[in-house]
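**Student:** Sequence and computational prediction follow.
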Protein chains: 2
Amino acid sequence: MAPALAANGVVNRPVTGRVSAVYSEVQNSRLDHALPLPSVLKGPFAVVDGPPSSAAGNPDEIAKLFPCLFGQPSAMLVPGDAKKLGSGQKLKIGVVLSGGQAPGGHNVISGIFDYLQDRCPGSTLYGFKGGPAGIMKCKYVVLTPEYIYPYRNQGGFDMIRSGRDKIETPEQFKQAEETAVKLDLDGLVVIGGDDSNTNACLLAENFRSKKLKTSVIGCPKTIDGDLKCKEVPVSFGFDTACKIYAEMIGNVMIDARSTGKYYHFVRLMGRAASHITLECALQTHPNITLIGEEVANKKLTLKNVTDYIADVICKRAELGYNYGVILIPEGLIDFIPEVQQLIAELNEILANDIVDEGGLWKKKLAPQSLQLFDLLPSAIQEQLMLERDPHGNVQVAKIETEKMLIQMVETELEQRKQQGSYKYKFNGQSHFFGYEGRCGLPSNFDSTYCYALGYGAGALLQSGKSGLISSVANLAAPVEEWTVGGTALTSLMDVERRHGKFKPVIKKAMVELDGAPFKKFASMREEWALKNRYISPGPIQFIGPSSDNVNHTLLLELGVEA
Amino acid sequence: MAPALAANGVVNRPVTGRVSAVYSEVQNSRLDHALPLPSVLKGPFAVVDGPPSSAAGNPDEIAKLFPCLFGQPSAMLVPGDAKKLGSGQKLKIGVVLSGGQAPGGHNVISGIFDYLQDRCPGSTLYGFKGGPAGIMKCKYVVLTPEYIYPYRNQGGFDMIRSGRDKIETPEQFKQAEETAVKLDLDGLVVIGGDDSNTNACLLAENFRSKKLKTSVIGCPKTIDGDLKCKEVPVSFGFDTACKIYAEMIGNVMIDARSTGKYYHFVRLMGRAASHITLECALQTHPNITLIGEEVANKKLTLKNVTDYIADVICKRAELGYNYGVILIPEGLIDFIPEVQQLIAELNEILANDIVDEGGLWKKKLAPQSLQLFDLLPSAIQEQLMLERDPHGNVQVAKIETEKMLIQMVETELEQRKQQGSYKYKFNGQSHFFGYEGRCGLPSNFDSTYCYALGYGAGALLQSGKSGLISSVANLAAPVEEWTVGGTALTSLMDVERRHGKFKPVIKKAMVELDGAPFKKFASMREEWALKNRYISPGPIQFIGPSSDNVNHTLLLELGVEA
C-alpha cells in the first residue's frame, strides 16, 4: 500500500540541450521508456525496390515536374546482407521539423540519430533550427547524445523548433543547395505534413538534377491525420492529440450527465479534414458529431445543420435529457457551400465598395447569401465584416463556429418554444480544444511509431534513396512484425493549377464516407444521440491498462476492429 | 516488450446503476483500485471529544443562531473500545451531493456505504437524488453494493446527481423533517462546499431542536479549494482538478516554446478565490500569474494589470522570447475595485435611464468609471451593456477576462510600438479551462482521501454526532497515520448581515498572501517571468511515477515542501 502523500515529483536533471532543465516526474520517467524496434531494423537488412510507381493523378504532369524522380519504385527493408548498404561509411545528415507541432517529432529525430550511431558510427546529424528557414540560412545545431537525450519521448518541437517557411523560389532553392554543399550533406530528413513533404520532394528533385549527393527523405507528421495512404497508415501525432482531446471530452460528458442542464459544443482542431473529430467521436460517443466531409457531400446548409442539432435536442428533451455533448470540426464552415459563397461575395464587396452603416451595401449580396447573412448571429456578422487577413479576406479561422452554432440553435429552439414544440431551457457551453493536444507527451504508440519512422529514414538515407517518405506499416501486428520502407513521394502526388501553372500537391486524405471509421460512426450515431453511451477515456496512461491502445481510426482502417 | 497495438480498450461491463454501462479501459481499471484506510479506521475505535468550541467570528450571534449546537466540541477517532459506539445497531442514513461537481464525490459515498456494511451490517443508505431538492421531495434511491460498485473511483456526481437548491424557508425545513421522519433517518451526510455545509449545520440544528434523532454530518467538497481550515486541510476535488488543468497548461507551454510566437492567456475556474490558479502556477511555472487576492490587496486597477503584463512581454522580447503563458483566475475582475464600481454604476444606469445610441448616458458615470469604460475593448463594453441576469445586473461571469486582457495588452503594446519601446508582434491566444476538470477520474490522492472522509462520516454518525464536518488530517504522513474526526461546523462560522438579519456563513478560505504557497510563488515569479522554467506535469497517472503525488498547495501548507 503506497503512502498517499509522496514527495512531490519535480525533478531537477542536469540536462544540456533543453532550454529549461526542470522536468516533472512524468516527463522524467518517459526519458528512459524503452523504444522497441521492428525486427527488420534489429538485424542486418537489405533495401529491396518494388515495381515502378506512377502518380495519384495526372502522371504526365507529375513526370514533367519531377523528371529525375518520377516513376521510381518504393523501397522495402528485408532481412539480408547489410553490406550492400555500405556499412561503415560515415554520413552527414540534416533533419528539419516543418509546420505545426505533433507529439512524437523528437522521437523521429532520436530514431535517425540512433540509426546513425548504431549503423554508421562517426556520422554527424545536423538539426536545422526553426524549420526550413534554418536550411536556407544554414542555422543548425550538431546533435549529440547529450543534446538529444532530454527530448526522448517528450512532446513539443522545441529541440530544434519548427517553422512554416517553404523553399519555393529559385533563390531559396539556391540557398538550400549552398547549405547542402557547405555541410557536405549526404541526406536530409524533412518531418512535416502534406505541404512539407511535397516541398521535400521538390528539394530531392532539385538536388538530384543538380547532381548533388544530398538525398531527401520525408516523414509523415500531422495531428490532423490527413496525410496517409496505403503505405503510410497514419501520420504521427494523431494518436496522442486525439487521446488528449478525448480525455477532455470524456470529462465534459460526465459533467454534462452529472449537471443535467448543459449542452457542450466542442470545436476540435483539424481544419481541412474531420479525422480528429471522427476519432474523438469513436472514443467518446457524443450525442451529435458533425463531420465536414458529410456536410459537404450532402450539400447541407447552415440551417440544415442547425435544425439537425435542434431536432436531436428536442428528441432528447422528450426522453428527459436536457443536456448533451456535440463535437464540431474546426473547419466546419469551410465545408458548407453557401457559407463559402457568402464569404466570397463579402470579400468582393469589402474590397471594392463602401460598407454603409445603414446596410445598403447588403443589396449587393445575392439573395441566398443575403438570407444566410441575416440568419447569422450579429456577433458573427461583425466578425465577418471586421476580421481581415493581410490580403483583405475574411478570416474564417477566427470564427468561433461553436459559439455561432450555440446562438443559432438557441434562436431555433426559441422559435420552436413559441410554436409549442419545445418547452425546455437550453444552455449552451462552448469549448475549443486545439493547442492542448499538439505538444502533449507522446502516447506509447506515437513514441514507438516515430522512433521506427526515424530509424527507417536513416536506413533509407544510408542506402542512398531520395524522394521517399518513411513508411512503417503492418501496424496491427506486434512491433516486431512492423514493416519498414519508403514510398515514392511522387506516387502520392497530383497537380493543382495555380496562377496558370501546375503545382504538385499531395492530396489531403479526407474522411472517406465509405471508409470503416465513418461507417462505424454512422451505424452508431442514432443510438449515441438519444441514449447516453458516453465513454470517458481518462488521461493517457503510460503504464498499465490502456497504455498500449491505439486510436480507433487506425484499427478500423486496418480492419482490426469491426 | 509489449505489442504497440493491443486490442482497443472499451469494456462492456454488466453494471446496473450507471446510466451507461460502457466504460473505457482506464475507467474500468479504476473500479478495483484499492482504497487504503487510515489505521484508526481499520480496528476498533472510540470517539473522543475535544474542548468546547467557539466560532470564527461573532460567537454571540452564532450562539443565538445555533442554540443546540454552538460550542460543541470537535471529535477525534482513537483506537479503543468500539462497544461505546453501540456496534451491531442498524442505521438508516441518507446522503446528498450538493453544488458543483468535484472528483471524488462517489468515493465519499462508497466510504459511508462500506462503513455501514463493515460496522453496522443491515443498515440502509439512501441516496437523495438531484441535490437538496431530493431531500425536500423525498426522492431517493436505496444504495446497494451493485448500485455503488460501478462508481468507485469514478469521476462525476452522476450516481445520484447533484443540485443547487438550498433548504432555507420554514416550509423547506418542514419538508426535510418529513423526509427524515418518513425514512426514519438516523443520519444524513451532506457533501458540499461552504454554503452547503452551512446549510447542513442549519439542518442539524433544526433536527436537534425538533428532537428528531437525525444527525447531520458535512463533507468538504469543492475544486476551488476555498473550504479549508486547520482541521480540514483541503477540500476534495481540488487535487484532481488542478492536475487536469496543469496537464493542459503544461502542454500549451511546450507548444508556446516550440512555436515561439504566441502568448497564451489561460483563464482558470475558481471564482471567489484564486487557489486553483496559484496551484497550477506552482505545478507549471508560467511567465505571469495573476492572483486575485493580491490584486485586491494592492488595489490594482485594470490598467495596472495590463501594464504589468505588457512590461513582462517587453522584457521577454528583449531577451528574444516572443511567447509566453499567462494564468488568470476566473474571478479576476471581481477583485478589481474600480471594475466593481463601474459595474455598480452601470447596473444603476441601466435600471433607471435610457441608454442612447449617441452615448450621452455615459455622462452619468463617475469620471473614474467613465475613464475605465473607455479603456475597455468595445466587445467588452458591449458585454457589459447587453448581458443581464434575471435581476437586470451585469453578468460578470460571462465576461471573457482572458480575451479582454489580450485586447487591452494588444492596445498597450501598440502604443509602446508607436513610442518605440516595443518593436515585435504580439499574438494572443485565449483559453478557458473549467468544466474539463470538475468530472475527471479522481487522482489516487482524491480517491483515498474521499473514501476516508466518507468512512469517517459513517463513524461520526454511528456515534450520534451532529453538526460536524468530516475531518481527515495529518495528510503529510502515510495513509495509515492519517487522523480522522469531525470539526464543529459552528466553529467555522461567522455572520453576515443580509436584508437586516444575521446569516451564518462559513467564510471562504482565500489565498493568504503570507501563506507558504503564495510566498513560494512570489519568490519564484520573477525568475519564471523572464527565464523559461516551464514544467509539463503530463496526464494524471494512476500507476507508477507521479501517481501518488499530491498538490503543492497542500504540501506547502503542511510545511512539507519548503
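**Tutor:** Yes, it's here.
**Student:** Any chance of the backbone angles for A:F265?
**Tutor:** Phi and psi for A:F265, reported as degrees, to the nearest 10, are phi -100, psi 110.
**Student:** which residue sits closest to it in space, ignoring its chain neighbours?
**Tutor:** Of all residues beyond its chain neighbours, the one nearest A:F265 is A:E402 (4.1 Å), with distances taken as Cβ to Cβ, 6 or more residues apart in numbering or on different chains. C-beta here means a position set from N, CA and C on the backbone, and glycine is covered the same way.
**Student:** any idea which helix or strand carries that neighbour?
**Tutor:** Element membership for A:E402 (DSSP states H and E) is helix A:401-419.
**Student:** Other residues contacting that helix?
**Tutor:** Around helix A:401-419, the neighbours that count as contacts under Cβ atoms under 8 Å, 6 or more residues apart in numbering or on different chains are A:263, A:265-267, A:302, A:305-307, A:309-310, A:313-314, A:326, A:328, A:330, A:332-333, A:375-377, A:379-380, A:422-423, A:426, A:428, A:430-432.
**Student:** could you point out which element follows that helix?
**Tutor:** Defined by DSSP H and E, the subsequent element after helix A:401-419 is strand A:428-433.
**Student:** neighbouring strands for that following strand, and are they parallel or not?
**Tutor:** Taking DSSP bridges as the criterion, strand A:428-433 pairs within the sheet with strand A:263-268 (parallel).
**Student:** Now do the longest helix along chain A and strand B:428-433, the angle between them.
**Tutor:** Counting by DSSP state H, the longest helix found in chain A is helix A:238-259. Angle of helix A:238-259 versus strand B:428-433, following axes from the mean of the first three to the mean of the last three Cα atoms, to 10 degrees, is 50 degrees.
**Student:** can I get the CA coordinates of helix A:238-259 in PDB?
**Tutor:** The C-alpha trace of helix A:238-259 is given here as PDB (Å, rounded to 0.1, in the frame of the first residue of the first chain):
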ATOM      1  CA  PHE A 238      -2.800  12.000 -34.500                       C
ATOM      2  CA  ASP A 239      -2.900   9.200 -31.900                       C
ATOM      3  CA  THR A 240      -1.800  11.400 -29.000                       C
ATOM      4  CA  ALA A 241      -3.700  14.500 -29.900                       C
ATOM      5  CA  CYS A 242      -7.000  12.600 -30.200                       C
ATOM      6  CA  LYS A 243      -6.400  10.900 -26.900                       C
ATOM      7  CA  ILE A 244      -5.800  14.300 -25.200                       C
ATOM      8  CA  TYR A 245      -9.000  15.800 -26.700                       C
ATOM      9  CA  ALA A 246     -10.900  12.600 -25.900                       C
ATOM     10  CA  GLU A 247      -9.900  12.800 -22.200                       C
ATOM     11  CA  MET A 248     -11.300  16.400 -22.100                       C
ATOM     12  CA  ILE A 249     -14.400  15.400 -24.000                       C
ATOM     13  CA  GLY A 250     -15.000  12.400 -21.700                       C
ATOM     14  CA  ASN A 251     -14.700  14.600 -18.600                       C
ATOM     15  CA  VAL A 252     -17.100  17.200 -20.100                       C
ATOM     16  CA  MET A 253     -19.500  14.300 -20.800                       C
ATOM     17  CA  ILE A 254     -19.600  13.100 -17.200                       C
ATOM     18  CA  ASP A 255     -20.000  16.700 -16.200                       C
ATOM     19  CA  ALA A 256     -23.000  17.100 -18.600                       C
ATOM     20  CA  ARG A 257     -24.600  14.000 -17.200                       C
ATOM     21  CA  SER A 258     -24.000  15.000 -13.600                       C
ATOM     22  CA  THR A 259     -25.300  18.500 -14.000                       C
END
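**Student:** Could you confirm whether that helix reaches chain B?
**Tutor:** Yes - contact between helix A:238-259 and chain B is present through A:I244, A:E247, A:M248, A:G250, A:N251, A:V252, A:M253, A:I254, A:D255, A:R257, A:S258, A:T259 (criterion: Cβ under 8 Å from any Cβ of the partner chain).
**Student:** any idea how far B:C439 is from the fourth one?
**Tutor:** By that I understand A:G250. 9 Å (Cβ to Cβ, to the nearest Å).
**Student:** out of these two, which sits in the busier spot?
**Tutor:** Set side by side, A:G250 and B:C439 show more neighbours around B:C439, with 33 against 30, by other Cβ atoms under 10 Å in any protein chain shown.
**Student:** Hmm, that one is touching B:G156, no?
**Tutor:** Yes - with contact defined as Cβ atoms under 8 Å, B:C439 and B:G156 form a contacting pair (4.4 Å).
**Student:** What pLDDT does the model give the residue nearest to A:T284 when sequence neighbours are not counted?
**Tutor:** Excluding its sequence neighbours, the residue lying closest to A:T284 (Cβ to Cβ, 6+ apart) is A:I249, at 4.8 Å. For A:I249, the model assigns a pLDDT of 98.
**Student:** any idea which helix or strand comes after the helix or strand of chain A with the lowest mean pLDDT?
**Tutor:** Counting by mean pLDDT, DSSP states H and E, chain A has its least confident helix or strand at strand A:10-12, which shows a mean of 44. As assigned by DSSP H and E, the chain's next helix or strand after strand A:10-12 is strand A:22-24.
**Student:** Any residue of that following strand touching chain B?
**Tutor:** Yes - using Cβ under 8 Å from any Cβ, strand A:22-24 reaches chain B at A:V22, A:Y23, A:S24.
**Student:** what's around the last one, how many residues?
**Tutor:** The one in question is A:S24. Using other Cβ under 10 Å: A:S24 sits among 26 other residues.
**Student:** so it touches B:Y534, yeah?
**Tutor:** No - counting by Cβ under 8 Å, A:S24 stays clear of B:Y534, with 9.9 Å between them.
**Student:** what touches both of those two?
**Tutor:** Residues touching both A:S24 and B:Y534 (Cβ under 8 Å, 6+ apart) are B:G250.
**Student:** With adjacent residues omitted, what lies nearest to A:A180?
**Tutor:** Per Cβ to Cβ, 6+ apart, closest to A:A180 is A:T214, 4.2 Å.
**Student:** which SS class is A:V95?
**Tutor:** Reduced to three states with DSSP: H, G, I helix; E, B strand; the rest coil, the structure at A:V95 is strand.
**Student:** Spell out the secondary structure type for the closest residue to it other than its chain neighbours.
**Tutor:** The shortest distance from A:V95 to any non-neighbouring residue, by Cβ to Cβ, 6+ apart, is to A:V189 (4.5 Å). Under three-state DSSP, A:V189 falls in the strand class.
**Student:** Check what pLDDT A:S39 gets.
**Tutor:** pLDDT, read off for A:S39, is 97.
**Student:** The closest residue to A:D32 other than its chain neighbours: what's it in contact with?
**Tutor:** Closest residue to A:D32 apart from its sequence neighbours, by Cβ to Cβ, 6+ apart: A:R152 at 7.9 Å. Applying Cβ under 8 Å, 6+ apart, we find A:R152 in contact with A:R30, A:L31, A:D32, A:H33, A:L35, A:H106, A:N107, A:S110.
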